[in-house]
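Q: generate coordinates for the sequence data below:
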Amino acid sequence: MTFPYQADPVRGAAWAELFARKMPALPFRVWPDVGDPREVRYLAAWQPPGDLATRFPNLEVLFSTGAGTDHFDFSAIPEALPVVRMVESGIIDGMVDYVTLAVLSIHRDWLAYGDQQRAADWRPHRVYPASTRRVGGWAVRVIGAEPALTPKYFHSRLNKERTSLPLRNTIADGLRISVPGQNPYPIIEKYVDEIVLVDDEHIIAGMRSLAKDAKLIAEPAAAIGIGALLAGAIKLKPDEKVCVVLSDGNWDLCDLAEVWSGAD
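A: From the prediction side, this is the model:
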């Protein structure tokens, strides 16, 4: 069994030193020295070779050496091969540095000042307070979900003002209020692009899916986003990536057991 590393050779040398110290029994190799391809069980790569299935017939896991896997060509990776995105504090800190640098470069007009410096043009630019700036991503939608039995934010958006509705029972008791909160309402109106309604049955389906597939305990109010996806309430574009925020597992264990008992 061997573990080759295919990326920057300088970093590969550092990996080899760590493996020799932490896992001396595991043969660790730096590309192109892979040894016997039939012995390769694990591969860490920035850009894996396109012939993985034939080159390493016994490969069990592919590790990405980057901060994600977006740079992988998944059409060239065997469908059954597990792909692991590593989470490590150094990678996270590095990405925070990159994002901070990019945001500050735009906020303080570093690119414009750099062009002017090269042209010996010493014109000042207006300085804007950071509180007036917004940071966003390309084509990112923020979608809120609430129980269909308590659609206070949904109706408030339609009426363009905080709207009070009769209080009805919903399994998502954490979202069971009759009127939007005074503080969160303007924030939601400013940053949330769309609000969808989810029936209790689909909220329960979301809880069951999390329990079965992700081994996560989530209260109904936390699982509502998964329920919205399962119900088809959110219209997705082809290949659109989705992130669902999960929070809280604060629910009675007896109630959880009753919900889970219906999971296949």
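Q: give me the below-cutoff pLDDT ranges for the protein.
A: 136-139, 260-264 (pLDDT under 70).
Q: recalculate using a threshold of 80.
A: 67-68, 70, 86-89, 91-92, 133-139, 248-264 (pLDDT under 80).
Q: just the helices in it please.
A: 9-22, 52-55, 89-107, 110-118, 152-159, 184-191, 200-209, 220-231, 253-260 (DSSP state H).
Q: I'd like to know how many residues surround Ile226.
A: Residues contacting Ile226 under the criterion other Cβ atoms under 10 Å number 25. (C-beta placed from N, C-alpha, C; glycine too.)
Q: do I have it right that it meets Lys212?
A: No. At 11.4 Å, Ile226 does not count as touching Lys212 under the criterion of Cβ atoms under 8 Å.
Q: how much space separates Asn183 from Glu189?
A: Separation of Asn183 from Glu189 (Cβ to Cβ, to the nearest Å): 12 Å.
Q: of those two, who's got more company?
A: Of the pair Asn183 and Glu189, Glu189 is the one with more neighbours under other Cβ under 10 Å, namely 16 against 7.
Q: mind listing what the more buried one touches?
A: Contacts for Glu189 (Cβ atoms under 8 Å, 6 or more residues apart in numbering) come out as Arg157.
Q: again, but for Pro184
A: Neighbours of Pro184 in contact, by Cβ under 8 Å, 6+ apart: none.
Q: quick one: contacts for the closest residue to Val40 other than its chain neighbours?
A: Excluding its sequence neighbours, the residue lying closest to Val40 (Cβ to Cβ, 6 or more residues apart in numbering) is Phe56, at 4.4 Å. By Cβ under 8 Å, 6+ apart, the residues touching Phe56 are Val34, Pro37, Arg38, Val40, Leu43.
Q: any figure for the gap between Phe56 and Leu62?
A: Phe56 sits 9 Å away from Leu62, going by Cβ to Cβ.
Q: now do the shared contacts for the two.
A: Listed as contacting both Phe56 and Leu62 by Cβ under 8 Å, 6+ apart are Leu43.
Q: show residues contacting stretch 9-19.
A: By Cβ under 8 Å, 6+ apart, stretch 9-19 touches Phe3, Tyr5, Leu26, Phe28, Val30, Trp31, Ala44, Thr65.
Q: burial count for the residue nearest to the third one when sequence neighbours are not counted?
A: Closest residue in space to Leu26, ignoring its immediate chain neighbours: Phe3 at 5.7 Å, by Cβ to Cβ, 6+ apart. Phe3: 22 surrounding residues under other Cβ under 10 Å.
Q: now swap in Ile204 and tell me
A: Neighbourhood size, Ile204 [other Cβ under 10 Å]: 21.
Q: these two touch, right, it and Val259?
A: Yes. If you go by Cβ under 8 Å, Ile204 and Val259 touch, sitting 5.7 Å apart.
Q: if we can go back for a sec, and the contacts of Phe56, which of them are buried?
A: Applying 16 or more other Cβ atoms under 10 Å to the contacts of Phe56, the neighbour count classes Val34, Val40, Leu43 as buried.
Q: still on that earlier bit, of the contacts of Phe56, which pair is most distant in space?
A: Arg38 and Leu43 (13.3 Å; Cβ to Cβ).
Q: how near is the residue of the chain positioned farthest from its centre to Leu111?
A: Farthest-out residue of the chain from its mean C-alpha position, per Cα atoms, centre = their mean: Ala120, at 43.6 Å. For Ala120, the distance to Leu111 equals 17 Å [Cβ to Cβ].
Q: send the alpha carbons of stretch 78-97 over as PDB?
A: Only the C-alpha atoms of stretch 78-97 are listed here, as PDB (Å, rounded to 0.1, in the frame of the first residue of the first chain):
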ATOM      1  CA  PRO A  78     -14.300   7.300 -11.600                       C
ATOM      2  CA  GLU A  79     -17.800   7.800 -10.300                       C
ATOM      3  CA  ALA A  80     -17.400   5.400  -7.400                       C
ATOM      4  CA  LEU A  81     -14.100   6.900  -6.200                       C
ATOM      5  CA  PRO A  82     -14.400   8.900  -3.000                       C
ATOM      6  CA  VAL A  83     -13.100  12.400  -3.300                       C
ATOM      7  CA  VAL A  84     -12.000  14.100  -0.100                       C
ATOM      8  CA  ARG A  85     -11.700  17.800   0.500                       C
ATOM      9  CA  MET A  86      -9.300  18.200   3.400                       C
ATOM     10  CA  VAL A  87     -10.100  20.700   6.200                       C
ATOM     11  CA  GLU A  88      -7.000  22.000   7.900                       C
ATOM     12  CA  SER A  89      -6.400  25.200   9.800                       C
ATOM     13  CA  GLY A  90      -3.600  26.400   7.600                       C
ATOM     14  CA  ILE A  91      -5.700  26.100   4.400                       C
ATOM     15  CA  ILE A  92      -8.500  28.000   6.100                       C
ATOM     16  CA  ASP A  93      -6.200  30.700   7.300                       C
ATOM     17  CA  GLY A  94      -4.700  31.000   3.900                       C
ATOM     18  CA  MET A  95      -8.100  31.400   2.200                       C
ATOM     19  CA  VAL A  96      -9.100  34.100   4.800                       C
ATOM     20  CA  ASP A  97      -5.900  36.000   3.900                       C
END
